[in-house]
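Asker: Pasting the sequence and the predicted coordinates here, then a few questions.
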Amino acid sequence: MDDEQRTLTTSPRYSKNDGSYCWDHLTVDETIENNYGKGSKVSAHHRESMPNTCCVTNCRGNYDAENRVAVFSFPKVEELKLKWIQAIPRRDLVVTKNTKVCEKHFTDDDIERVSTFYKESTGETLIAKLKKPRLKEDATPKLFPHCPSYLSSIKVARDGPQVRKLNLEEQHLHKAIAESLLTKEQYDNKLSFQNFVEMQNCFSINEVPPF
């Protein structure tokens, strides 16, 4: 009997504290059994097309047909990846290539579902729905509605020295831009006038250009 036809195993290699199973610690056969029932047999093609489940505690994302959701891989950038790990309220989290976080744990502002394109020839902005939603570059998971209270105290990782430095530089830049705009506005107001008399008040007589 080959692997495709064999009966699914009944004992998971790992169980969460809440009694649910974690994708990262289950074989494909065990995951199929949880979704389709003990003794189920699924084709190799169906196995490959099965969606990854969400790794967040108590989340049922993609564990059954009624909870189909988009899932996202952990970032490759180590600093952002660490933020994800420490933001997710789960103490036993081990990240692998199959570890995913579903869309339920991100705000709408974090997820891009459409792509826009400006067509210069017509001046139109075209909008197309993405086949798969994607996250914005700096997005982190924030929403954990079903998280147990004993896990909710886990804190998000603090920014490293380089990130803090960049944030400080960005703050200084925004402040400088704001001050520059204010100075320009004050200058424009000082030199604005509605008629010739007001123009004379803005400039000395010698500075008024001849007509």
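Answerer: It's in.
Asker: Quick one: neighbours of residue 169, just the number.
Answerer: Using other Cβ atoms under 10 Å, residue 169 has 10 neighbouring residues. The way it works is simple: take the backbone N, C-alpha and C, and place the C-beta from them, glycine included.
Asker: And for residue 174?
Answerer: Using other Cβ under 10 Å: residue 174 sits among 10 other residues.
Asker: For this structure, give me the ranges with low pLDDT.
Answerer: Scanning the chain with the threshold set as pLDDT under 70 gives 1-50, 149-160, 163, 178, 181-211.
Asker: Got the domain ranges for it?
Answerer: By the assignment in the TED database, the chain contains the domains 71-152, 157-193.
Asker: For residue 65, which of the ones you listed is the nearest?
Answerer: Minimum separation from residue 65 across the domains of the chain (Cβ to Cβ) falls at domain 71-152, 14.7 Å.
Asker: Give me whichever of the domains of the chain is most buried.
Answerer: domain 71-152 (a mean of 14; mean count of other Cβ atoms under 10 Å).
Asker: Ignoring the adjacent residues along the chain, who's closest to residue 126?
Answerer: Leaving aside its chain neighbours, residue 126 sits nearest to residue 117 (4.6 Å; criterion: Cβ to Cβ, 6 or more residues apart in numbering).
Asker: What helix or strand is that neighbour located in?
Answerer: In the assignment (DSSP states H and E), residue 117 maps to strand 111-119.
Asker: Please apply the same query to residue 84.
Answerer: helix 78-87.
Asker: can you give me the helices in the chain?
Answerer: All helices of the chain, identified by DSSP state H, fall at 28-36, 44-49, 78-87, 161-191, 196-202.
Asker: is residue 71 in a bridge, and if so with what?
Answerer: Bridge pairing for residue 71 (DSSP bridges) gives the partners residue 102.
Asker: out of the domains of the chain, nearest to residue 61?
Answerer: domain 71-152 (3.4 Å).
Asker: Can you pull the phi and psi angles for the closest residue in space to residue 85 that isn't next to it in sequence?
Answerer: Excluding its sequence neighbours, the residue lying closest to residue 85 (Cβ to Cβ, 6+ apart) is residue 93, at 6.0 Å. Per-residue torsions, residue 93: phi -70, psi 120 (degrees, to the nearest 10).
Asker: ok, residue 93 - contacts?
Answerer: Residue 93 makes contacts with 55, 85, 99, as judged by Cβ atoms under 8 Å, 6 or more residues apart in numbering.
Asker: from what I can see residue 103 touches residue 71, true?
Answerer: Yes. Applying Cβ atoms under 8 Å, one finds residue 103 in contact with residue 71, separated by 7.3 Å.
Asker: Identify all contacting residues around the biggest strand by length in the chain.
Answerer: Longest strand in the chain, counting residues (DSSP state E): strand 124-135. Contact partners of strand 124-135, identified using Cβ under 8 Å, 6+ apart, comprise 70, 72, 103, 106, 110-119.
Asker: same check, this time on stretch 113-123
Answerer: Outside stretch 113-123, the residues within contact range by Cβ under 8 Å, 6+ apart are 124-130, 133.
Asker: at 6 Å instead, please
Answerer: If you take Cβ atoms under 6 Å, 6 or more residues apart in numbering as the criterion, stretch 113-123 is touched by 125-130, 133.
Asker: Make CSV out of those residues and add distance to residue 76.
Answerer: Output for the contacts of stretch 113-123, formatted as CSV (distance: Cβ to Cβ, whole Å):
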residue, distance to residue 76
125, 31
126, 30
127, 29
128, 26
129, 26
130, 20
133, 18
